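In: turn this into a model:
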Amino acid sequence: MRNPLRKRLPRELRGDIGKYAALFLFLVAIIGFVSGFLVADGSTKTAYDNSFEQYNIEDGHFTLLNEAKKSILSSLEEDWNITIYEMWYKDRDFNNGHTIRIYPEREEVNRLCLMDGELPEQTDEIALDRLYAENNGIVIGDRIAVGDTAFTVTGLVAFSDYSALFKNNTDMMFDANRFTVSVVTREAFDEMDDAGLNYCYAWKNGETDLTEKEQYDKAADIIEAVAEKAIPTDFVPRSENQAIQFTGEDMGSDKSMMTVLLYIVMVILAFSFAVTTRSTIEQEASSIGTLLASGYTRGELLRHYMTLPLLVTLVAALVGNIIGYTGMKQVVAGMYYHSYSLPTYVTLWSAEAFVKTTLGPILIILLVDFLVLSRALSLPPIQFLRHELRRKKKKRVMRLPPIHFLGRFRLRIILQNMAAYLTLAVGIFMASALLMFGMCLGPLIDHFKDDVLDSKFADYQYVLKGTDDGDEEEEYSLYEMLSPFLPVLRESADILELDDASYLLGFSTDTDYENAEKYSVCSLQLPDDGEEIMVYGIQEDSRYLNDLTLPTEPDDVIVSDSYMEKYRLKIGDTIRLEEKYKDDTYTFRVAGSYPYAAALTIFLSQDSFREAFDCSEDSFSGYLSDQKLTDLEDQAISSVITQDDLTVLADQLNDSMGNMMPMVDAVAMLLYVLVLYLLSKMIVERNAQSISMLKILGYEEGEISRLYSAATAIVVALSLVISLPLCTILMKNILFYYMMQELNGWINFYIASGLYVKMLACGVVCYAVIHFLQMRKIRKIPLAQALKHVE
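Out: As a prediction, the model looks like this:
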């Protein structure tokens, strides 16, 4: 670059210091946040990945109805080249209704990461999961009551096999507020009574080089071998263990979302750079024409006008990365540690974060600016000298409608600055989409909670384990939860090799409460993605689901509206479901829908249920009741579903994402202000000569402001109003829809009644700030400006 052009850079920077300062600060903010997110995500993900080997995490586990004989375990170890470890635990309830899962101290498999304090050494000491303790205000030294036993909290730990606190593997969402795992000494565990005792056994494969499919196939063989020797009540290979796998999968999806957010914002900023730099070219058209006529090449001028945007982007990327590696990573890591029970991590250099937050933005700015500016500079010198920067001369001026003079003037301003206003509209649309996402999530979750509670079956939903049926042999119904809201039969009877070979086995446990209503339930899954679907057998004329019209045809079912919406089903469609771990499939026809928000569910009559799943005539799974059933034995109850269980997904989403939403709102508001500021500033600068002429003609600054500011205000208002329905369509059918595809279950999209008003108010407030700055800019335009470039 020749010296005259190089000397122009500082002057251009000073002349546009406001523009470049705004772009610099926003770039620093967005790159700093995304860089910190990627660094924290990469560091915590590495700590998570390393935990499998560091803490010797299991390859799977199974739970038996009774304690396994040592000969059975030895036989399994020898036959399948595995090592089996006792992982017994006892589920107990706190006085506040929360569940605590108590393990004895671990030394070989699924080891613990001590986050603070010390592991228990006395029989009255306990170490709790760090996240649960944080959410419930429990600190080291506190005394907690577990039933009739009091423990002193001596440490806070992270369980390597509970990075996400799923109480049951098929829960829709983990619950770090009302469920925790803990560890006590072996003596303390043995001294506790056996209520809630689960005979769980974890295994590690002898082979360390198995592929994921080979591990899964081996796990399937192991459960068949276990079922030949004992009665399993639960079986979870590591690849399907949500308590282990959910965290890693969620981290990957978060990273993709943040990368997309960065690049969307960068494209908008790149166009803002390009449009404003083009405006500079228009203002300096005479100088550019002179330089071209004097022998300067277009390549030299192109490099000159691209230098400042690239320098600003480079410096902003470096500063943003420094902020990301220092302060912002702590913020993002705190968000992860507020959602998951992760082990301690060490900040690692992330080449991916450097590429995405430094090289990526620079390349985007370079490409967009090159395309826009190379086209702008391709005109011949004579056109620059004449300020004729259009490629094609207009044959005639567009005829405006017969409105008053000021209206035509404002309309002409809009038409003359159409490219800038289109960029403004796109920026407002993207900012509105971000703002809608941040502002709608809280009301949406609250609305989901209301829907769940409004559609609940009963105040109490009992799931029974099994009991002696009097005249018949003792049989067992083996359940775990699909979600905190719904019970599920975990294994099929064929896998368990019981005599009946039915999917759901019956029992005759009775209650004296006359309003208690029997129901049947089992769990199937979709063949394609393995999503769990609840199947309910409901009594005809049910007192609890009195608005449910059950189908009369044996293969017809009623489908929950959440299931209908997630998979976009219609009445008359055929759905195919299958049993987990088996090849048995079931085909049903959708005969109608029923409003039920808690889970993906199909309903049929109890008689049709028994026929479809080959159950005995009197079999059932549990009770629906409007009051607590005190005459049922605790040993017969697998679980009781209450209001707190139904709303766990909403509560956890609020807790996990509540800290992020204000940050998304802040980014959206900053994007509003930035786009409005840059483009309104550019419009005033492009029309500086006209504004100066208006001053000479006697127009007051307020009148001039009403002309130019009103034109921008019209575009802003129209962009805001048009963006609201477009953002709703984008959120409902694309962003929110695909986000929910990553979760088990479904939350219906909902826009709160006052959301649009709030978004419009945010846009108006942002424009009010810009209008004030625009007024200052208009005041500074001198009268002499009108005398420039006059031919």
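In: show me where the stretch 301-450 of the chain has its helices.
Out: For the stretch 301-450 of the chain, the helices defined by DSSP state H, counting those that start in this stretch cover 329-337, 351-354, 360-376, 381-385, 405-416, 418-454.
In: pretty sure residue 85 sits against residue 109.
Out: Yes - applying C-beta atoms under 8 Å, one finds residue 85 in contact with residue 109, separated by 4.6 Å. C-beta: built from backbone N, CA, C; applies to glycine.
In: ok, back up a step: can I get the helices of the stretch 301-450 of the chain in CSV with mean neighbour count and mean pLDDT?
Out: Converted to CSV, those look like this (neighbours: other C-beta atoms under 10 Å; pLDDT from 0 to 100):
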stretch, mean neighbour count, mean pLDDT
helix 329-337, 19, 82
helix 351-354, 16, 83
helix 360-376, 18, 85
helix 381-385, 16, 85
helix 405-416, 15, 80
helix 418-454, 20, 83
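In: would you agree residue 750 is in contact with residue 449?
Out: No - Residue 750 lies out of contact with residue 449 (C-beta under 8 Å); the separation is 11.1 Å.
In: give me the common contacts of these two.
Out: Common contact partners of residue 750 and residue 449 (C-beta atoms under 8 Å, 6 or more residues apart in numbering): none.
In: so where's the longest helix in the chain?
Out: helix 242-283 (DSSP state H).
In: and the following helix or strand past it, what does it pack onto?
Out: Remark: after helix 242-283, the chain's next helix or strand is helix 285-293, criterion DSSP states H and E. If contacts are counted by 3 or more C-beta pairs under 8 Å, 6 or more residues apart in numbering; DSSP states H and E, helix 285-293 sits against helix 298-323, helix 381-385.
In: centre of the chain to the shortest one, how far?
Out: In this view, helix 381-385 has its centroid 53 Å away from the chain centroid, taken as C-alpha atoms, centre = their mean, to the nearest Å.
In: for the longest helix of the chain, which helices and strands make contact with it?
Out: helix 17-54, helix 298-323, helix 360-376, helix 418-454, helix 660-686.
In: of all those, which lies closest to residue 758?
Out: Of all the helices and strands packed on helix 242-283, it is helix 418-454 that lies closest to residue 758, at 6.3 Å by C-beta to C-beta.
In: and the angle from that closest one to helix 242-283?
Out: 160 degrees (axes from the mean of the first three to the mean of the last three C-alpha atoms, to 10 degrees).
In: mind checking how far the helix or strand just after helix 418-454 is from the chain centre?
Out: Next in sequence after helix 418-454, counting helices and strands by DSSP H and E, comes strand 460-464. Relative to its chain's centre, strand 460-464 lies at 31 Å (C-alpha atoms, centre = their mean).
In: with stretch 712-720 instead?
Out: 31 Å.
In: how about it: buried residues?
Out: Residues of stretch 712-720 classed as buried by neighbour count (16 or more other C-beta atoms under 10 Å): 712, 713, 714, 715, 716, 719, 720.
In: I'd like the average pLDDT over that stretch.
Out: The average pLDDT for stretch 712-720 rounds to 87.
In: surely residue 410 touches residue 704?
Out: No - with contact defined as C-beta under 8 Å, residue 410 does not reach residue 704; the gap is 11.7 Å.
In: where does the stretch 51-200 of the chain dip in pLDDT?
Out: 170-172 (pLDDT under 70).
In: now do the SS call for residue 542.
Out: coil (DSSP: H, G, I helix; E, B strand; the rest coil).
In: report the beta-bridge partners for residue 201.
Out: Note on residue 201: beta-bridge partners by DSSP bridges are residue 62, residue 86.
In: quick check: it vs residue 77, distance?
Out: 11 Å (C-beta to C-beta, to the nearest Å).
In: quick one, grab the pLDDT at residue 395.
Out: Confidence score, pLDDT, at residue 395: 52.
In: can you check the one 4 residues further on too?
Out: pLDDT for residue 399: 74.
In: so who does the nearest residue to residue 449 once chain neighbours are set aside touch?
Out: Distances taken as C-beta to C-beta, 6 or more residues apart in numbering place residue 650 nearest to residue 449, at 4.4 Å, with adjacent residues excluded. Applying C-beta under 8 Å, 6+ apart to residue 650 gives the contacts 445, 446, 448, 449, 452.
In: equivalent analysis for residue 23, please.
Out: 269, 272, 273, 312, 316, 674, 678.
In: can you check residue 321 too?
Out: 31, 32, 35, 353, 354, 357, 358.
In: change it to 10 Å
Out: Residue 321 makes contacts with 28, 31-32, 34-36, 38-39, 328, 350, 353-354, 357-358, as judged by C-beta atoms under 10 Å, 6 or more residues apart in numbering.
In: which pair in the residues you listed has the greatest spatial separation?
Out: Top of the distance list for these (C-beta to C-beta): 28 and 350, 18.2 Å.
In: for residue 158, which non-adjacent residue is spatially closest?
Out: Closest to residue 158 by C-beta to C-beta, 6+ apart is residue 113, at 4.3 Å.
In: thought residue 194 was touching residue 90?
Out: Yes - contact criterion C-beta atoms under 10 Å: residue 194 and residue 90 qualify, at 7.5 Å.
In: what's the burial count for residue 768?
Out: Using other C-beta atoms under 10 Å, residue 768 has 10 other residues around it.
In: for the helix or strand hosting it, the averaged confidence score.
Out: Element membership for residue 768, per DSSP H and E: helix 755-779. Helix 755-779 carries an average pLDDT of 84.
In: list the buried ones in that helix?
Out: For helix 755-779, by 16+ other C-beta under 10 Å, it's 755-756, 759, 762-763, 766-767, 770-771, 774-775, 777-778.
In: quick check: residue 109 is in a helix.
Out: No - the assignment for residue 109 by three-state DSSP gives coil, which leaves it out of any helix.
In: contact partners for it?
Out: Residue 109 touches 55-59, 61, 83-87, 160-161, 202-204, counting by C-beta under 10 Å, 6+ apart.
In: got it, and residue 248?
Out: Per C-beta under 10 Å, 6+ apart, neighbours of residue 248: 44, 45, 48, 49, 51, 52, 163, 164, 340.
In: can you tell me how far it sits from residue 46?
Out: Residue 248 is 11 Å from residue 46, by C-beta to C-beta.
In: what's the answer for residue 156, then?
Out: Residue 156 is 22 Å from residue 46, by C-beta to C-beta.
In: neighbour count for the two, which is higher?
Out: More crowded of residue 156 and residue 46, by other C-beta under 10 Å: residue 156, with 22 against 15.
In: got the contact list for that one?
Out: Residue 156 neighbours (C-beta under 10 Å, 6+ apart): 113-117, 127-134, 138-140, 341.
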